[in-house]
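*Asks:* any chance you could fold what I've pasted below:
(one chain, ligands or ions: 1)
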Amino acid sequence: MILLATPMLSTAADLDRCTAADSCFDKLPWSELESRVEVEDIQQDFPEADVDANDSLWMTSQPRYTFHTGMSGSPSIAGWANVNSTSAKVVHLRSTDDAIHALQFVSKNKVAVAVRGTGHDWFGRSSASGTLLLWTHHLNETHWHDAFAPSGCNESVNGAVTLGAGVQFWQLYQESDEHRRIAMGGTCATVGHVGFSTGGGYGDFSRMYGSGASNLVEAEVVLATGEKVIANMCQYADLFRALRGGGGAFGLVTKATYRTYSWPQWIGSANVTFEGYADGVSRFGRWYRSVVQQGLSKHFGGQVQVGGYAGNNKSKIELAYVGSSAEHCRALLQNLSADIECVPRFGLASGESADPTSSAVGVPGWENSWEADQASSYHELSLSRYFRLEDIEEGRLQSFAEAIDHIASIPLLEGIDHNAGVVLGLNYGLGHGSDTALAHVRETTVNPEVSDSLGTVKLDVRTARFTPDANTLMNTEAWEALQSVRKVLDELLGGRGSYYNEGDYTEEAWQESYWGSNYPELLRTKSKYDPDNIFSCHQCVGSEKSGFRESVGRTRRLRGV
Ligand SMILES: Cc1cc2nc3c(=O)[nH]c(=O)nc-3n(C[C@H](O)[C@H](O)[C@H](O)COP(=O)(O)OP(=O)(O)OC[C@H]3O[C@@H](n4cnc5c(N)ncnc54)[C@H](O)[C@@H]3O)c2cc1C
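*Replies:* Okay, here's the model as predicted:
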């Protein structure tokens, strides 16, 4: 175990802009900003007693706490929560005009900013020490449309919803239920749609309906200069493309409009646990391959949990199905296991409890969202890699399964706690998905691999309800485990890339990994709309540009500055 003595962290504060650590900060004309928008100082100390780390809804309604509190780094790159990542002041954005005023002030006075909806970003991209936080939490208006015509376009979209930037999925799912229309979201109720969709955004039913990015039809954006623009396929089309997978580095999104779909007739889940890592993965792989080849994989999302909470030497298949009756689902699953049941989802009827924290189900409706143990997690390591049908073809399935077995058996990972483990995430790849899911995916700027792959192999080792401080030691065993995992996955799936929102904090070739051949275009769009890199964050488009120092070479502490 080593102490992180010289954190190297890429944040907005690394740029040549004013933060609370600089003498310029107190001299800024704050009263000018305060006359137009609500600005509040953020306490720099971190009163642990005040933190209810078990209440994810509470945490996301506090400007100074992030929902997920950290990511362990490497011997040379400090994890971001080991350093003080608290902003100095917050602007409570309550309207688009507030965002315009705030960004005009930022651009005129060269203030370092962080933009945050919920603070769920695994790498603290919405947190930066001593910055002015532009917080969208209060922008929670919604508008459901029977037909929506994107500005400047001739064609309308049948069924859409416009969401203020602060809307979280619990609100979306609750309203979806009332309107009997579904919109794409993820599996956790407190995640926000902007970070989700701008990074890609996948849920249990993405293989049927597409991703957050593919369903985005328009966004209202306030640029770094304070200018408001409406971006869609017909105007500011380059910016619109960048917002569909390029991450949060192009402007401040104040509202976004997404396609919605008719309420599905059938929806449910099916679980079964198999003995063995390699055996479980092989058994699942054979079944899934046949489902994909029959063109039926659009009906299934979910994951295969190998080890971790599935238990030592166990693989748990946790499927979500949609658009297929329980009988049809059961018939399909017979080839996987005679013991498996397809259970239609309850809570599909309107009017049930909508309290997102009161039950495991959380919100009624089509997405079975819950938070459970995920508030305030400290990630020791994470990594994902896309996999394709060819990786589970007859001749390759055995080596695929053995590689997963090898990773799941790495001593640190095997049985470390219920949060560790290897997952085959079926939601993150849209390859062989429905025509609807694939219709707009090529218009996005996520790694093109998403269109071909079946999902990701994903590793996420985290300690729940743990807030690291300046004295938190880096887990060197976890770091070594990550090197072993990376080696195995590079041999198995080298060059396939990974999901921006659930990537590897220490990955060096992150541009290629998150965006593949789309990166040069994204960098051009970044230079056009944010040439001064005001919206900067760790492993974000343009963060390698000159003037953005990956290393700050100084120690920041979690308590105080
Ligand atoms: C518990 C949990 C569950 C998750 N489940 C899923 C899942 O099922 N599927 C999936 O695909 N992902 C999932 N994720 C990943 C999630 O999509 C990302 O963490 C995403 O970044 C969250 O977005 P946010 O807006 O809520 O978070 P924030 O941390 O507030 O923001 C994330 C990024 O977006 C930027 N941003 C936020 N708001 C704006 C804005 N208005 N304008 C411009 N930039 C903005 C921020 O600056 C930051 O870079 C999960 C994450 C967690 C912690």
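
*Asks:* got the phi/psi numbers for the closest residue to Ile410 other than its chain neighbours?
*Replies:* Nearest residue to Ile410, sequence neighbours excluded (Cβ to Cβ, 6 or more residues apart in numbering): Ala481, at 5.1 Å. The way it works is simple: take the backbone N, C-alpha and C, and place the C-beta from them, glycine included. Torsion angles at Ala481 (phi, psi; degrees, to the nearest 10) stand at phi -60, psi -40.

*Asks:* ok, now which ones touch Ala481?
*Replies:* For Ala481, the contacting residues are 381, 410, 412-413, 461, by Cβ atoms under 8 Å, 6 or more residues apart in numbering.

*Asks:* which of those are buried?
*Replies:* Burial by neighbour count, 16 or more other Cβ atoms under 10 Å: within those this picks out 381, 410, 412-413, 461.

*Asks:* with pLDDT and distance to the ligand added, can I get the residues you listed in JSON lines?
*Replies:* As requested, the buried ones among the contacts of Ala481 are arranged in JSON lines below (pLDDT from 0 to 100; distance: Cβ to the nearest ligand atom, whole Å):
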{"residue": "Leu381", "pLDDT": "85", "distance to the ligand": "15"}
{"residue": "Ile410", "pLDDT": "87", "distance to the ligand": "24"}
{"residue": "Leu412", "pLDDT": "70", "distance to the ligand": "22"}
{"residue": "Leu413", "pLDDT": "69", "distance to the ligand": "20"}
{"residue": "Val461", "pLDDT": "83", "distance to the ligand": "14"}
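
*Asks:* now, those residues that are in strands?
*Replies:* Secondary structure assignment by DSSP state E places 381, 461 of the buried ones among the contacts of Ala481 in strands.

*Asks:* what is the most widely separated pair among the buried ones among the contacts of Ala481?
*Replies:* Largest separation among these by Cβ to Cβ: Leu381 and Ile410, giving 11.1 Å.

*Asks:* nearest to the ligand: which residue in this structure?
*Replies:* Residue nearest to the ligand within the chain: Gly195 (2.1 Å; Cβ to the nearest ligand atom).

*Asks:* following the helix or strand encompassing that residue, which helix or strand comes up?
*Replies:* Counting by DSSP states H and E, the element that carries Gly195 is helix 193-199. Moving toward the C-terminus from helix 193-199, the next helix or strand (DSSP H and E) is helix 206-209.

*Asks:* just confirm yes or no for that following helix near the ligand.
*Replies:* No - on the criterion Cβ under 6 Å from any ligand atom, helix 206-209 is out of touch with the ligand, staying 8.2 Å away.

*Asks:* could you list the contact residues of this structure toward the ligand?
*Replies:* Within the chain, the positions adjacent to the ligand are 67-68, 115-122, 125-126, 136, 165, 186-188, 191-192, 194-196, 198-203, 248, 252-253, 374, 501-502, 537 by Cβ under 6 Å from any ligand atom.

*Asks:* state the distance from the nearest residue to Glu507 once chain neighbours are set aside to Ala102.
*Replies:* Of all residues beyond its chain neighbours, the one nearest Glu507 is Ser513 (5.7 Å), with distances taken as Cβ to Cβ, 6+ apart. As judged by Cβ to Cβ, to the nearest Å, Ser513 and Ala102 stand 33 Å apart.

*Asks:* what sits up against stretch 88-100?
*Replies:* Under Cβ under 8 Å, 6+ apart, the answer for stretch 88-100 is 19-20, 25, 30, 33, 36-42, 44, 63-64, 102, 130-139, 165-166, 220, 222, 226-228, 252, 254-255.

*Asks:* list the contacts of the residue lying closest to Gly192 once chain neighbours are set aside.
*Replies:* Leaving out its chain neighbours, the residue that sits closest to Gly192 by Cβ to Cβ, 6+ apart is Gly117, at 3.5 Å. Applying Cβ under 8 Å, 6+ apart, we find Gly117 in contact with 126, 136-137, 165-166, 168, 192-195.

*Asks:* just to revisit the earlier point, average pLDDT across the helix holding Gly195?
*Replies:* For helix 193-199, the mean pLDDT works out to 98.

*Asks:* and stretch 235-242, by the same measure?
*Replies:* Taken as a whole, stretch 235-242 has a mean pLDDT of 98.

*Asks:* return the distance of it from the chain's centre.
*Replies:* Between the centre of stretch 235-242 and the centre of its chain there are 21 Å (Cα atoms, centre = their mean, to the nearest Å).

*Asks:* got the buried residues for that stretch?
*Replies:* In stretch 235-242, counting by 16+ other Cβ under 10 Å, buried: 236, 239-242.

*Asks:* mind putting those residues in a markdown table, secondary structure included?
*Replies:* Output for the buried residues of stretch 235-242, formatted as a markdown table (DSSP: H, G, I helix; E, B strand; the rest coil):
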| residue | secondary structure |
| --- | --- |
| Tyr236 | coil |
| Leu239 | helix |
| Phe240 | helix |
| Arg241 | helix |
| Ala242 | helix |
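
*Asks:* can you tell me the SS state at the residue most central in space within the chain?
*Replies:* For the chain, the residue nearest the mean C-alpha position is Asn501 (3.9 Å; Cα atoms, centre = their mean). Classification of Asn501 using three-state DSSP returns helix.

*Asks:* now the strands: where do they sit in the stretch 451-561 of the chain?
*Replies:* 455-463, 473-474 (DSSP state E, counting those that start in this stretch).

*Asks:* now do the stretch 301-450 of the chain
*Replies:* 314-322, 343-344, 378-387, 422-425.

*Asks:* possible to save those as JSON lines with distance to Gly212?
*Replies:* Putting those into JSON lines (distance: least, Cβ to Cβ, whole Å) gives the following:
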{"stretch": "strand 314-322", "distance to Gly212": "17"}
{"stretch": "strand 343-344", "distance to Gly212": "26"}
{"stretch": "strand 378-387", "distance to Gly212": "17"}
{"stretch": "strand 422-425", "distance to Gly212": "15"}
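
*Asks:* lowest-confidence stretch among these?
*Replies:* strand 343-344 (a mean of 85).

*Asks:* tell me how far that one is from the chain's mean position?
*Replies:* Relative to the chain's own centre, strand 343-344 is displaced by 28 Å; criterion: Cα atoms, centre = their mean.

*Asks:* okay, domains of the chain per the record?
*Replies:* Following the assignment in automatic domain parsing, the chain carries domains at 2-136+516-529, 142-262.

*Asks:* do you know which of those domains lies nearest Leu492?
*Replies:* domain 2-136+516-529 (18.0 Å).

*Asks:* mind showing which ranges of the stretch 51-200 of the chain have poor pLDDT?
*Replies:* Along the stretch 51-200 of the chain, segments meeting pLDDT under 70 span 51, 53, 82-84.

*Asks:* how about the helices in it?
*Replies:* 56-59, 96-109, 169-179, 193-199 (DSSP state H, counting those that start in this stretch).

*Asks:* thought the residue nearest to the centre of the chain was touching Gly195?
*Replies:* Yes - applying Cβ atoms under 8 Å, one finds Asn501 in contact with Gly195, separated by 7.1 Å.
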